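Participant: sequence and predicted structure are below.
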Amino acid sequence: MTLTGKRVLLIVAGGIAAYKALELIRLLRGAGCAVTPVLTRAGAEFVTPLSVQTLAENQVYQDLFSLTDEAAIGHIQLSRDADLVVVAPATAHILARLAAGLADDLATTLLLATDKPVLVAPAMNVRMWQHPATMANMTSLRARGVIVVGPDEGEMACHEFGPGRLAEPAAILAAIVSLLAPPSRPLAGYHAIVTSGPTHEPIDPVRYIANRSSGRQGHAVAAALAALGARVTLVSGPVAIADPENVAVRHVETAAEMRAAVLAALPAEIAVCAAAVADWRVARAASEKVKKKPAGPPPSLDLVANPDILAEISTPSPRRPPLVIGFAAETEHLAAHASAKRQRKGCDWIVANDVSAETGIMGGAENAVLLITATGGETWPRMSKREVANKLAARIAEHFAATGRKI
C-alpha cells in the first residue's frame, strides 16, 4: 500500500474522536503521503497543534485571517494543492456547515473553495447522528459526491451505544488509498452472489426461530468482492448493520425467501453462502399469537427441514456457479465436520470457524477460519471479519486468474 507522491489536506474538527486523527496522520505518513493539517478552533481543544505538526511533519493551519498565511490568499492555494480533502473527525456541526455552503472559518472556507474530492468521516453522539437534520445533511452531501466513511457502531464516550463512532484510522486510510491509488479490479465482469445474516422462521406473528448471526462476515465479503470489481448481489437476512456500498441488496426474512432470491439472482460466477440459514422451520406457523395456558403443557412445535440453498446451487447444472463457497459454523471437530460438509454439499470451498461461546466469534467483530478446498486446508489467524473478507476475496481472484475461467 503506497501513497508516495500523493497529498492529503486533513481537517481535524472538534470532538473526543480527534485523538484518532493523530493515528490517521501516522498511517498516512507511513504510506508515503504528504499531509497538510488544518485544525479547527474546537479541534485544538482536543489535540494540540504541536502533536499534529510533529506527526504530519508539516505546518498546522488554523486561522483564516493569518497575515502570514493569507499574504497570497493562502486558503485558495491550500484547497487546490491537495489530491484529496479529508475531514476526520467530521462533527455534526462541520457537516451541517458544509451542507449549507457556509465559509466562516478556515476549514469550511477550504471545503467550499476546493475543486478536489472530499472525504468525511463522521463522529458524533448516536442521537445527533440519527437526527433528521443530520440525515438530511448526509443525503445532500452524498448527492454532491462527498465520500463518507463510517460511522461505526459501538459504545460512545458518553456511554451511549449505537452508530456514531469515528471509523477506525485503518478503515479511513483504506478509503483514501482506494481513491488515490485504486487497486486493480481483477473481478471486473464477474457476478457474485453472497448470502449473509440469519433467517427468521415464524412460529406465530410474535415469535420466531433464529440464531445469533450478525451478518458482519457476509456483508464484509460482499464489500470486499465489490472492491475487486465484481458485480455483487447480497441476499441478507434480518440484520442490524448497514448495507455495504456498491452492492445490490435483497432483504429477506425466511430461508424460503432467501432461496428464491438466490435463484432469481443467478446466473453468477461466484456464490458465497455465508448466511446462517435456520435448519428447520415450523411446519405451519400460527396465524394468531400462541397463548400460554396456565395449567397446560407447553405447545409442541412440528418442525420440518428448510431448503438447503448451498447444496442446491452446488448441484451440477448449467446454472451452477463455477465457484461455490460455503461456510461451516462448528463447535467441535472443526476440520472433520467442515470437510464432511464440503463433500456432502458438493461445494468447492468451505470456510469453517469455531463458534463456541468462549470464542466470541458468533456475532462478534473478529473471526478465525479454516479454509478447506479440494487440495487441502489453510488455517488463518484470528483477525477482523473485514480482513477475513479481504483475504477470501483475494483468494477468489487468484483462483480465477489461475484457472483462466472468464465469463
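Facilitator: Arrived safely.
Participant: where are the low-confidence patches of the stretch 51-200 of the chain?
Facilitator: 66-75, 157-158, 183 (pLDDT under 70).
Participant: for it, what spans make up the helices?
Facilitator: Taking DSSP state H, counting those that start in this stretch to define them, one finds helices in the stretch 51-200 of the chain at 74-81, 92-100, 106-113, 126-130, 132-143, 169-180.
Participant: list the contacts of residue 38.
Facilitator: Residues near residue 38 by CB atoms under 8 Å, 6 or more residues apart in numbering: 9-12, 60-62, 78, 106-107, 110. (Each C-beta comes from the backbone N, C-alpha and C, glycine too.)
Participant: now swap in residue 246 and tell me
Facilitator: By CB under 8 Å, 6+ apart, the contact set of residue 246 is 223, 226-227, 232.
Participant: so which of the contacts of residue 38 wins on neighbours?
Facilitator: Using other CB atoms under 10 Å as the neighbour criterion, residue 12 leads the contacts of residue 38 with 31 neighbours.
Participant: beta partners for that one?
Facilitator: Taking DSSP bridges as the rule, residue 12 bridges to residue 39.
Participant: so it touches residue 47, yeah?
Facilitator: Yes. Counting by CB atoms under 8 Å, residue 12 touches residue 47, with 6.6 Å between them.
Participant: for residue 308, which non-adjacent residue is spatially closest?
Facilitator: Ranked by CB to CB, 6 or more residues apart in numbering and with sequence neighbours excluded, the top spatial neighbour of residue 308 is residue 345, at 7.4 Å.
Participant: next, count neighbours for that neighbour.
Facilitator: Residues within reach of residue 345, counting by other CB under 10 Å, total 21.
Participant: isn't it right up against residue 311?
Facilitator: Yes. Counting by CB under 8 Å, residue 345 touches residue 311, with 4.7 Å between them.
Participant: before we move on, back to that, the residue nearest to residue 308: what's it in contact with?
Facilitator: Contacts of residue 345 (CB under 8 Å, 6+ apart): 308, 310-311, 314, 326.
Participant: same check on residue 58?
Facilitator: Residues in contact with residue 58 (CB under 8 Å, 6+ apart) are 34-37.
Participant: about what we covered before: between all of the contacts of residue 246, which two are separated the most?
Facilitator: Greatest spacing in the contacts of residue 246, by CB to CB: 227 and 232 (9.6 Å).
Participant: quick check: buried residues in whichever strand or helix holds residue 340?
Facilitator: Assigned by DSSP states H and E, residue 340 falls within helix 334-345. For helix 334-345, the buried set under the neighbour-count rule, 16 or more other CB atoms under 10 Å, comprises 334, 337-339, 341-342, 345.
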